[in-house]
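Peer 1: Sequence plus the predicted model coming up.
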Amino acid sequence: MNNNLIYVVDDEQKIRDLICAYLRKESFETQSFNDGESAYAAFKSNPSDMLIIDIMMPGMDGYSLCRKIRETSDVPIIMVSARDEEIDRILGLELGSDDYISKPFSPRELVARVKTIFRRIKPEQTAQQQQNDRLICADIVIISDERRVMSGQSDVELTNKEYELLSFMIINKNKVFTREQLITSIWGYEYIGDSRTIDDLVKKVRKKLSAAGSSLEITTVWGYGYKVCG
């Protein structure tokens, strides 16, 4: 049985009830909210394991709620919107959401995406991780069971997707990946969107590594993709 608590935030009761019903069928615990303010207040006192947030809500909209949550937590967030425009998906991802789904959507697909995210948060260990739960490349150390990234004695604070990108590339260091391969590996399904999302993700990881004084580089292979050398 799942012990994961999921907050469902949407101003439409029918949608909240539908999402919660499907999640409960899969033994997830749910709590629903009709506005961003009440969801944020609840999260501060009792953090959930995931949030499913509608973008278009009166008062604190989904983007604002996501931004507030990201100030203190890397909890997985799925954004839901009646708008299916590239700029909305990109903005949601830039704010730190882990996924984006457009209305109308299949509740079963949403549940599948929820399961995928939880699986990727607690992935099966590789042989190297089973030995010491650590990945090492250049001066970067990833402590897998803590999802912690260190450069020397300093922590490198990464979002979930930034962490997944860096750990995936370090596990597969010296291999070159296209943007499409990275999207599939990180999102766990065929993401329909602009491959420039990966460029933005790489840019953010590079910036944080540089700020931490790390010597690790994510190298651009022009005309193909990216790799980490080690």
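Peer 2: Perfect, thanks for sending it.
Peer 1: Quick check: closest non-adjacent residue to the residue nearest the centre of the chain.
Peer 2: Using CA atoms, centre = their mean, the residue of the chain that lies closest to the mean C-alpha position is Asp98, 3.0 Å off. In this structure, Asp98 finds its nearest non-sequential neighbour in Pro76, 4.7 Å apart by CB to CB, 6 or more residues apart in numbering. Placement of C-beta: from N, CA and C, glycine included.
Peer 1: Below-threshold pLDDT in this structure: ranges please.
Peer 2: 1-2, 83-89, 92-93, 121-133, 188-195, 230 (pLDDT under 70).
Peer 1: can I see the domain layout of it?
Peer 2: Using automatic domain parsing, the domain ranges for the chain come out as 5-121, 127-228.
Peer 1: about what we covered before: who are the neighbours in contact with the residue nearest to the centre of the chain?
Peer 2: Applying CB atoms under 8 Å, 6 or more residues apart in numbering to Asp98 gives the contacts 76-78, 117, 160-161.
Peer 1: Identify the farthest-apart pair in those residues.
Peer 2: Taking CB to CB as the measure, the contacts of Asp98 span a maximum distance of 12.4 Å, between Ile78 and Lys161.
Peer 1: Test my guess that Asn4 contacts Met50.
Peer 2: Yes. Between Asn4 and Met50 there is a contact under CB atoms under 8 Å: 6.6 Å.
Peer 1: Overlap in contacts, those two.
Peer 2: Contacts common to Asn4 and Met50, judged by CB under 8 Å, 6+ apart, are Phe118.
Peer 1: circling back to that earlier point, and the residue nearest to Asp98, what are its phi and psi?
Peer 2: phi -60, psi 140 (degrees, to the nearest 10).
Peer 1: cool, the one 5 residues further on as well?
Peer 2: Backbone torsions of Ser81, given as degrees, to the nearest 10, read phi -150, psi 150.
Peer 1: Skipping its backbone neighbours, what lies nearest it in space?
Peer 2: Ile55 (4.1 Å).
Peer 1: my read: that neighbour touches Ile77, true?
Peer 2: No. Using CB under 8 Å, Ile55 is not in contact with Ile77; the gap is 11.3 Å.
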